[in-house]
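*Asks:* Here's a sequence, model it:
(4 chains)
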Number of protein chains: 4
Amino acid sequence: MIIVMKPGASSENISSVVNTIQRKGLETHLSQGKEVTIIGVVGDKSKLAYDNLEIFEGVDKIVPVTESYKLSNKKFHPEPIRIQVGNTSIGPDTLTIMAGPCAVETEEQMHLIAQNVKKAGATILRGGAYKPRTSPYAFQGLGEDGLRYLQEAGKETGLATISEVISLDAINTAVKYVDMIQIGARNMQNFFLLKEAGRAGLPVLLKRGLSATIDEWLNAAEYIISEGNPNVILCERGIRTFETATRNTLDISAVPVLKSKTYLPVIVDPSHATGVRAYVSPLAKSAIAAGADGLMIEVHNDPANALSDGPQSLTFAQFNTLCDEIKPFCGLMNRSF
Amino acid sequence: MIIVMKPGASSENISSVVNTIQRKGLETHLSQGKEVTIIGVVGDKSKLAYDNLEIFEGVDKIVPVTESYKLSNKKFHPEPIRIQVGNTSIGPDTLTIMAGPCAVETEEQMHLIAQNVKKAGATILRGGAYKPRTSPYAFQGLGEDGLRYLQEAGKETGLATISEVISLDAINTAVKYVDMIQIGARNMQNFFLLKEAGRAGLPVLLKRGLSATIDEWLNAAEYIISEGNPNVILCERGIRTFETATRNTLDISAVPVLKSKTYLPVIVDPSHATGVRAYVSPLAKSAIAAGADGLMIEVHNDPANALSDGPQSLTFAQFNTLCDEIKPFCGLMNRSF
Amino acid sequence: MIIVMKPGASSENISSVVNTIQRKGLETHLSQGKEVTIIGVVGDKSKLAYDNLEIFEGVDKIVPVTESYKLSNKKFHPEPIRIQVGNTSIGPDTLTIMAGPCAVETEEQMHLIAQNVKKAGATILRGGAYKPRTSPYAFQGLGEDGLRYLQEAGKETGLATISEVISLDAINTAVKYVDMIQIGARNMQNFFLLKEAGRAGLPVLLKRGLSATIDEWLNAAEYIISEGNPNVILCERGIRTFETATRNTLDISAVPVLKSKTYLPVIVDPSHATGVRAYVSPLAKSAIAAGADGLMIEVHNDPANALSDGPQSLTFAQFNTLCDEIKPFCGLMNRSF
Amino acid sequence: MIIVMKPGASSENISSVVNTIQRKGLETHLSQGKEVTIIGVVGDKSKLAYDNLEIFEGVDKIVPVTESYKLSNKKFHPEPIRIQVGNTSIGPDTLTIMAGPCAVETEEQMHLIAQNVKKAGATILRGGAYKPRTSPYAFQGLGEDGLRYLQEAGKETGLATISEVISLDAINTAVKYVDMIQIGARNMQNFFLLKEAGRAGLPVLLKRGLSATIDEWLNAAEYIISEGNPNVILCERGIRTFETATRNTLDISAVPVLKSKTYLPVIVDPSHATGVRAYVSPLAKSAIAAGADGLMIEVHNDPANALSDGPQSLTFAQFNTLCDEIKPFCGLMNRSF
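*Replies:* Numbering: from 1, shown residues only, chains lettered A, B, ... in the order given. Below is the predicted model:
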């Protein structure tokens, strides 16, 4: 941690900061320039958590030099990990595809979709049972019935399963049916839910919040991991910007940035990132080329009548084509698919 | 609702859209231009909720013409409302100040702060007992003890009280102690929590999400109101932008925009919007001049040692000065304070 | 300047950085922590401008501690200045109103508008002769004729005048007719134009770029001042964000932030910030309450038929009302108007 | 164009709008719903350019249904084009690499870099002679000398050349030396410069503005094309968002979006998009997989001592590796490289 003093800071101001730090058992190093004085702090900064040095007289700003996330930090765990999800796994040598409808609608639908995405190459079946919708008048999901249909379709086809949770109740129900739970973008900083997800005993797919920085995202992962659950998968799904040609802006750079900061697997969701079916395929290839460990793709038997997010869902034929087209890209990236 | 067809759309494409709409009992009006055909739709659009007309062949885009929120919409309820909160109320002729520490820390602290903010002019005492913090290693709040200290300090001074809730448990506990509950920015689209807040029987202060549009915000209010609770107060607290000179960017225009779209009271929180103590006072005046119904201000007995958000908290002396300085602005806006 | 080394940086890495800095005649101060080493640099950093220390082996990041702008910096010039513009001036004890049409259209129109805005209280007449328009098919301005009409209307009424310039030719023409030139938002980082404006001998109103940080804005001012022209007025006109309820998002915090960083006057343009007539008046009051030195307001004799930006232009009656309403706010802020 | 009336609009309000439109020779189609009335407008909308229907009494909003850009619009020119640049060309079956230093520094440097990037596979040599820099105290480029060194290095190696222009003077000089001119991000809405570039007779690389929407970008291209120059190449170089882990946020979706809206070639610049050397290679592959027609990459003989943007520049060895690694991706995309 570095403390930058204001140009006019008096020596009393500097002493007051230095003494506060030293009283907590940390070391200080002074750099006195012509314009400003800088105080370097060495030692365990958590001891200073409740000394608000920013508002000490004469202090201009505090510059942190180490990241606030530890357990998800590559610095302390340099090798990428592989995470087991049901009968499959996500990790550095594989390209994992999670596919399925935005929302589970009926038992028949789930079986039909499961068979088709399995045939094309998916290994994990997705389907929402608790849908966070902007308007209270939109379809909110089937709840436990939806989870049951998802589980059955998974069993029948041998696909692992994932579904989003939005409350403690939803977690408690979901753990009985699925292999992995998902925290959605709108709940990425629902810290209560993150902690409960950390205690649920299943791998967690953590979607990036609409306006979350990568640092905040890794801190959200830290909430889960610090409850004893190291099995967190990060999912980039687009951020909010001024551009309206796509529903969100896929931050493709997040893939290499995350690869340099954490050992956790990184998945890309081009369906939610763009909201437009025609852009899913080019962005899926793009994500693989950038180094992603997997894709989450919305697939529906009848997109025109989907109860949620139909316009961005692929048909079976489109999903087949996508899986065929990405295969050689996986090959170039040394990933089995 | 308007459906814009692509330039090359065939008459079959147009018929297919028109027939789907008419089968649901709605009317269509065609405008055939040289380049494009437009289909106006008249009737109850909710009947079309699950027909994804966007992906019908030949459709270019769908343009909604009515807002998705109804219960919070000024069109159907033109007059601004006054909302009772404990022994005080928030509404069009008053300037309400909610003040207190970011987090409740001790019983003594709450009494001290309550007395001081009361004396300066606040009518509602704030204090967090469940703190949503970016890092799991930061202070997370005192929980029920915090709520108890808040309640006691409120009783002693005659101030109404408000505290943030982050889970169903927190709501169930909070309703026993406070006069109003708060949904924080990070939970603005935690739809589960919104519904539970709507059922809790207390007025709800709904903070704007970090990257929520005003439309999404009013839809979030709709979740609460549609559970039977019309007592929602909106709180602008800054949005996330590229600018880093302030912690967030206070969207002051949201005040007049909301006043034109809804009848709900609007509060501004300059403390969280800027994160910098020196900017709180000019922005407080600015908010009043823009038409806000109140302010939420962080005040602490000892900001340098506050367990949360010290750098943006005012001292008692600073809060006194602020209250003195805003009085004539309230006068100009015909608001009692 | 501070250099933060990576956790694994070797002592050779550290020496290499330290030696490079010392060879340029600057001092270094080392803080060696358990995790990271920090190097404080004392002396004239411009000597290191072309040593890209960021990519030296073992370097994590460079943290600047002093601003890159000097001439516009309050640290070296603490008192706010007053700038003479024709027969009026802009400064700390005055509230200056610049008003007029977005684009100059005819001679008669300019006379009519000049008389009306003068009567209401404006002291500077605005009118665009060279219009930067998003589409090449929109009205581009009258050029020199427009400037002539503006000048004549100014002379007749005793108003000072301002007009936007978009090229060296436009500057050379404008200086013959107006009292102040304006650099528009889209040209805020047209560094060629900034330098030429700095040499033009007239005060310059520098609008903030659509996505310019306050630091970049002050660096743009530095381009003008470093050509020998200290008479720069900054104009906040809204930034680009995800919110679409207003054309741009007025960053009202920029007013107190600028007041803390520079001595230059600050003007707010609520017309361009919102693009909506109904929001101009509340935001004008809001700007004054936040500490602005003036306002730029679009006024048109017949907004429904304005050649540019009609929807955000006030009628004479609306402008009159606005001027009446802001008077007491100016009084509270100790500004003559 | 569609006009949406407010719920309470009177029949006089509606007639007034309808009559104004019909007087200009356009047709209107009315859809009268229970809540709102919609007016579809058929005919040449440019005739309504100066009727500000938005502020007619009773009007809620205007919804455009056709794009404002015509000459760059794929609707009227469905096939992608190939553009000749010196002795090479950019188009749908090729992957073009433009490489070179951010700024031209010396004659020797340009020869050295030209030879190395040519050997690795680049066909166009880049080098800035007029540098738009945030601070006036940063290196501003060598001007005409820089262009001469660039030209000589191009001639010697057989590489085509490109350099940025920032003023009419710069254009007039550049056309004597280079094969293509570049309009930088900060000048994307310098409409004066766009028009002059359109008249210069050389292909133009148009970089996206920092906060430009794709629509605004295509309108900027329209400025160039409407001066008679159809040879415009679009370059995505990152947009400004809240994320600070990269200098800008590469909007990779812009590639497929542009491919669906225009026939112009699309280039991606991962160097400026990220500002970090380590992310250039993954994003280069990502861009190719997304469908880009080429890449612009900064390469320097000695990045640690580059006068501009060293930290994002690749060494010769790194550029060689990148070119080797992208080859199979070009193969998959059926592009020669």
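
*Asks:* Tell me which stretches of chain A form strands.
*Replies:* According to DSSP state E, chain A carries its strands in the segments A:2-5, A:27-32, A:37-42, A:59-63, A:83-85, A:88-90, A:96-100, A:124-126, A:160-165, A:180-183, A:204-207, A:232-236, A:266-268, A:294-298.

*Asks:* Would you format those strands as a markdown table with distance to B:A292 and mean neighbour count included?
*Replies:* In this view, the C-beta of every residue, glycine as well, is placed from N, C-alpha and C. Formatted as a markdown table, these follow (distance: least, C-beta to C-beta, whole Å; neighbours: other C-beta atoms under 10 Å in any protein chain shown):
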| stretch | distance to B:A292 | mean neighbour count |
| --- | --- | --- |
| strand A:2-5 | 34 | 23 |
| strand A:27-32 | 43 | 17 |
| strand A:37-42 | 40 | 24 |
| strand A:59-63 | 30 | 17 |
| strand A:83-85 | 48 | 19 |
| strand A:88-90 | 48 | 21 |
| strand A:96-100 | 45 | 28 |
| strand A:124-126 | 43 | 29 |
| strand A:160-165 | 36 | 27 |
| strand A:180-183 | 34 | 25 |
| strand A:204-207 | 34 | 26 |
| strand A:232-236 | 37 | 26 |
| strand A:266-268 | 41 | 26 |
| strand A:294-298 | 41 | 28 |
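
*Asks:* do you know which of those lies nearest C:T28?
*Replies:* Closest of those to C:T28 is strand A:27-32, at 8.2 Å (criterion: C-beta to C-beta).

*Asks:* thinking again about what came up before, please dump the strands of chain A into JSON lines; it should also carry distance to chain C and mean pLDDT for every row.
*Replies:* Converted to JSON lines, the strands of chain A look like this (distance: least, C-beta to the nearest C-beta, whole Å; pLDDT from 0 to 100):
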{"stretch": "strand A:2-5", "distance to chain C": "5", "mean pLDDT": "87"}
{"stretch": "strand A:27-32", "distance to chain C": "3", "mean pLDDT": "84"}
{"stretch": "strand A:37-42", "distance to chain C": "3", "mean pLDDT": "85"}
{"stretch": "strand A:59-63", "distance to chain C": "5", "mean pLDDT": "86"}
{"stretch": "strand A:83-85", "distance to chain C": "25", "mean pLDDT": "98"}
{"stretch": "strand A:88-90", "distance to chain C": "27", "mean pLDDT": "97"}
{"stretch": "strand A:96-100", "distance to chain C": "28", "mean pLDDT": "98"}
{"stretch": "strand A:124-126", "distance to chain C": "27", "mean pLDDT": "98"}
{"stretch": "strand A:160-165", "distance to chain C": "23", "mean pLDDT": "98"}
{"stretch": "strand A:180-183", "distance to chain C": "22", "mean pLDDT": "98"}
{"stretch": "strand A:204-207", "distance to chain C": "18", "mean pLDDT": "98"}
{"stretch": "strand A:232-236", "distance to chain C": "18", "mean pLDDT": "98"}
{"stretch": "strand A:266-268", "distance to chain C": "21", "mean pLDDT": "98"}
{"stretch": "strand A:294-298", "distance to chain C": "23", "mean pLDDT": "97"}
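
*Asks:* Let me have those strands in TSV, extended by distance to chain D.
*Replies:* Listed next are the strands of chain A as TSV, based on distance: least, C-beta to the nearest C-beta, whole Å:
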stretch	distance to chain D
strand A:2-5	17
strand A:27-32	23
strand A:37-42	21
strand A:59-63	13
strand A:83-85	22
strand A:88-90	19
strand A:96-100	16
strand A:124-126	22
strand A:160-165	23
strand A:180-183	20
strand A:204-207	16
strand A:232-236	11
strand A:266-268	10
strand A:294-298	13
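
*Asks:* Quick check: which of these is nearest to D:G121?
*Replies:* Here strand A:266-268 is closest among these (C-beta to C-beta), at 28.1 Å.

*Asks:* Residues touching the closest one, excluding its own?
*Replies:* Residues outside strand A:266-268 that contact it (C-beta atoms under 8 Å, 6 or more residues apart in numbering or on different chains) are A:90, A:96, A:98, A:205, A:233-237, A:250, A:252, A:254-255, A:258-259, A:283-284, A:287, A:290-296.

*Asks:* do that again at 10 Å, thanks
*Replies:* Contacts with strand A:266-268, where a contact means C-beta atoms under 10 Å, 6 or more residues apart in numbering or on different chains, come from A:80, A:90, A:96-98, A:124, A:205-207, A:233-238, A:250-252, A:254-259, A:283-284, A:286-288, A:290-297.
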